[in-house]
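Asker: Fold the following for me, if possible:
(chains A and B)
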There are 2 protein chains.
Amino acid sequence: MILSKKLRTLDVAGSPLYLGPEVLVELASQLETVFKGKQNIFIIADKNTAQHCLPILLEQVPLLNRAYQIIVKPGEENKTIQTCEVIWNQLAVMGANRYSLIINLGGGVVSDLGGFAASTFHRGMAYINIPTTLMAMIDAGIGGKTGVDLASLKNLVGLFSHPAGVFVWPGFLKTLPHRYMLSGYAEMMKHAAIADVDFWKKLLKMPMALTKTWDDQIYHAALIKCKIVNGDPMETGSRRLLNFGHTIGHAFETYSLRHDESPLSHGEAVAMGMICEAYISYRMVDFPHPQRDELIKNILLNFDHYNIDTSAIDELVEITIYDKKNQNGNVMLTLVKEIGKAIDGQQCETALIRESLFRYTDFRRHIVR
Amino acid sequence: MILSKKLRTLDVAGSPLYLGPEVLVELASQLETVFKGKQNIFIIADKNTAQHCLPILLEQVPLLNRAYQIIVKPGEENKTIQTCEVIWNQLAVMGANRYSLIINLGGGVVSDLGGFAASTFHRGMAYINIPTTLMAMIDAGIGGKTGVDLASLKNLVGLFSHPAGVFVWPGFLKTLPHRYMLSGYAEMMKHAAIADVDFWKKLLKMPMALTKTWDDQIYHAALIKCKIVNGDPMETGSRRLLNFGHTIGHAFETYSLRHDESPLSHGEAVAMGMICEAYISYRMVDFPHPQRDELIKNILLNFDHYNIDTSAIDELVEITIYDKKNQNGNVMLTLVKEIGKAIDGQQCETALIRESLFRYTDFRRHIVR
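Answerer: Modelled structure (predicted):
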């Protein structure tokens, strides 16, 4: 359903998503109607969003000046059960209970963490997501996946738990550093690659650097995500289509968290994962090689190639073996048959994952040649 | 629904409960039918149930000899997020995923912990409860409440998440020390006090020491619990009836965990809580004083009075203020209007809680006199 360009709405598994320039006005209004019964409100932000986004939110929604603030350390490396404990303890000390409301103001780390903390505090309190990154606006903040990493295994602990609302105000993107924009752009490309060839072509025509207003792209990408989530909210089947690039992407992400001082962002890791999984798609499900090369080329136009030594491949393969999407000990991938058409549940030999990683180390040159 | 005395079944919010001497036969059968698709099975036990109950289970259900075992430290003091981390890590190392099955073999601590660990690992895997204590058979193992304590605040973190089945085999009670039987007996008395005056009278006539087979009492108490849970699975209203004795009981339990080398069991704490809340019932909702005295007397016939100094009262009152059942900063109690008839959502002044605790310190003498 579209209300107007100023305020568009989507339904995500029964939970509303609002998008557009008027979203914060809508939020202010809902806090005095839909959420009027909430006894107290807690805003969870990280240090970056507390600095750059929270002042804007408090100015636009003055009622929130009386909310409690819980500020956590930013970054995937802090998406841990220990940070959750900090949140739970602060909620307890500040008198939160199951009739309170949590507002997650931030990117995917904040909504994953805050959603999990909210859904488990006192056996579950309501929460709202206000995504501030492109990635959270079109992916992480939508669909009810919450959780934390454990011993650097991504999202090992978590829940499906839908927010009481997602409020997407594209204005926050003005606060976002380029590298974070890029991270979201990877998921946007992925959404297009698995489900919408026309959107893919639009993205090719309008590269990131030339995009001035993001509202339409966000709406389009969020719509793809919503449709897929609504077809399979608990990820028992078709929702796995969203995992294209994510199995090997998570391996890159975990590997980088372990080894790099400045680790890959989620989107950067997924972009590299898509390169490998596009190659596997070509080998396993006849993804045409011109499309494969177009996809890889477009990724490498936007993203720096993450250099790994071939000696890293053993560890990367090892990480995919622990991926939670696996079944019967087999690595299960989502692959693309053609741009805009994906297929999930493809059992992949570790030998082929290894092969794709070997090819990956060489891909930039390969494509350019 | 009753199948036969050998195998009785109940429905708990859509999840089956089996009870009787034939239950382990039923479990063995279901592992080869209902749960055949599960890729691997993990048994969570504590050191006590691993020693006393697991050998019996493995003998009766030989298929489980190939299950992985995760053994945790026993006792409420280990019902923590740290123990959960141990479980999550072991699950990850042993290759569990969302298609695995967890079997919780133990009392309320094991089912609370294991149920929470299962429901959050890989965003949720199926679990079964095999309660081995009277308390778990009639209360903790039934109804989908899972969770852990945080900084000694009881069940601060948790979830409503229903098991795929509860298998109650009363034979395990033979392994149970007297003090644990007593703990379950407190919940049994509470179930009767809030919902079933005839069952209360039966319990009065047949004291714990004289009871030889527990099957009927367990069935009766579990039935009360099921009916109340089914009327309000998420505890938005009438399920709170089960909380009689539990607000001040939790305060005693938390206090004792903080201060005592050998802390009160949950049931012992609830028994003491019922004494105080029976007094408050008399003061607030006209609980007749002869019934009040009968209730308190019957508790003190079965349970040792937990001696506290009046100087402890401030801390106990303070703990009730953080109780997660509170609303709008007010302590909310379930009280009894008469034996077999309870009323929830009673807002109680802290002054009256304080008064009940002062009277409590003096109650044994008061009743005997």
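
Asker: From now on I want contacts and neighbour counts done on CA atoms only, so please keep to that.
Answerer: Fine.

Asker: what does the stretch 1-150 of chain A put close to chain B?
Answerer: Selection of the stretch 1-150 of chain A residues close to chain B by CA under 8 Å from any CA of the partner chain yields A:39, A:88-89, A:92, A:95, A:97-99, A:119-124, A:145, A:147, A:150.

Asker: how about 7 Å then?
Answerer: When proximity is defined by CA under 7 Å from any CA of the partner chain, the stretch 1-150 of chain A lies next to chain B at A:39, A:95, A:97, A:120-124.

Asker: May I see these organised as a markdown table, with secondary structure added?
Answerer: As requested, those are arranged in a markdown table below (DSSP: H, G, I helix; E, B strand; the rest coil):
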| residue | secondary structure |
| --- | --- |
| A:39 | coil |
| A:95 | coil |
| A:97 | coil |
| A:120 | helix |
| A:121 | strand |
| A:122 | coil |
| A:123 | coil |
| A:124 | coil |
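
Asker: State the pair within these that is farthest apart.
Answerer: Largest separation among the residues of the stretch 1-150 of chain A next to chain B by CA to CA: A:39 and A:120, giving 18.0 Å.

Asker: Do a quick rundown of the strands in the stretch 51-200 of chain A.
Answerer: For the stretch 51-200 of chain A, strands defined by DSSP state E, counting those that start in this stretch occupy the ranges A:68-72, A:101-106, A:126-131, A:145-150, A:153-160, A:165-168.

Asker: Is any residue of the fifth one near chain B?
Answerer: When you say that, I think you mean strand A:153-160. Yes. Contact of strand A:153-160 with chain B (CA under 7 Å from any CA) involves A:156-160.

Asker: just checking, what packs against that strand?
Answerer: Where contact means 3 or more CA pairs under 7 Å, 6 or more residues apart in numbering or on different chains; DSSP states H and E, strand A:153-160 is packed against strand A:145-150, helix B:108-120.

Asker: 8 Å instead, please
Answerer: In terms of contacts (3 or more CA pairs under 8 Å, 6 or more residues apart in numbering or on different chains; DSSP states H and E), strand A:153-160 is packed against strand A:145-150, helix A:246-259, helix B:108-120.

Asker: Just the pLDDT at the residue lying closest to residue A:50 once chain neighbours are set aside, thanks.
Answerer: Distances taken as CA to CA, 6 or more residues apart in numbering or on different chains put residue A:71 closest to residue A:50, at 7.0 Å, once the chain neighbours are dropped. pLDDT, residue A:71: 98.

Asker: for the stretch 101-250 of chain A, what are the low-confidence residue spans?
Answerer: A:152 (pLDDT under 70).

Asker: same thing but at 80, please
Answerer: Scanning the stretch 101-250 of chain A for pLDDT under 80 picks out A:152-154, A:206-207, A:209-210.

Asker: got CSV for the residues of strand A:153-160 next to chain B, with distance to residue A:212 and neighbour count too?
Answerer: Listed next are these as CSV, based on distance: CA to CA, whole Å; neighbours: other CA atoms under 10 Å in any protein chain shown:
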residue, distance to residue A:212, neighbour count
A:156, 37, 23
A:157, 38, 24
A:158, 36, 25
A:159, 36, 25
A:160, 34, 21
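
Asker: quick one: which two of those residues are the most distant?
Answerer: Farthest pair in the residues of strand A:153-160 next to chain B, by CA to CA: A:156 and A:160, 12.6 Å.

Asker: picking up where we left off before, rebuild the helices and strands packed on strand A:153-160 as a markdown table, extending it with mean neighbour count and distance to residue A:234.
Answerer: Listed next are the helices and strands packed on strand A:153-160 as a markdown table, based on neighbours: other CA atoms under 10 Å in any protein chain shown; distance: least, CA to CA, whole Å:
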| stretch | mean neighbour count | distance to residue A:234 |
| --- | --- | --- |
| strand A:145-150 | 25 | 9 |
| helix A:246-259 | 23 | 17 |
| helix B:108-120 | 29 | 13 |
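
Asker: any chance of the ones you listed in JSON lines, plus distance to residue B:169?
Answerer: Putting the helices and strands packed on strand A:153-160 into JSON lines (distance: least, CA to CA, whole Å) gives the following:
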{"stretch": "strand A:145-150", "distance to residue B:169": "35"}
{"stretch": "helix A:246-259", "distance to residue B:169": "42"}
{"stretch": "helix B:108-120", "distance to residue B:169": "15"}
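
Asker: quick revisit: what is the neighbour count of the residue nearest to residue A:50?
Answerer: Using other CA atoms under 10 Å in any protein chain shown, residue A:71 has 18 other residues around it.

Asker: That one is in contact with residue A:48, isn't it?
Answerer: No. Counting by CA atoms under 8 Å, residue A:71 stays clear of residue A:48, with 9.4 Å between them.

Asker: re the thing from before, any residues in contact with both of residue A:156 and residue A:160?
Answerer: residue B:123 (CA atoms under 8 Å, 6 or more residues apart in numbering or on different chains).

Asker: Spell out which residues belonging to the stretch 151-300 of chain A are near chain B, please.
Answerer: Residues of the stretch 151-300 of chain A found near chain B (CA under 8 Å from any CA) are A:155-160.

Asker: Isn't residue A:5 up against residue A:18?
Answerer: No. The pair residue A:5 / residue A:18 is not scored as a contact, 10.9 Å apart, by CA under 8 Å.
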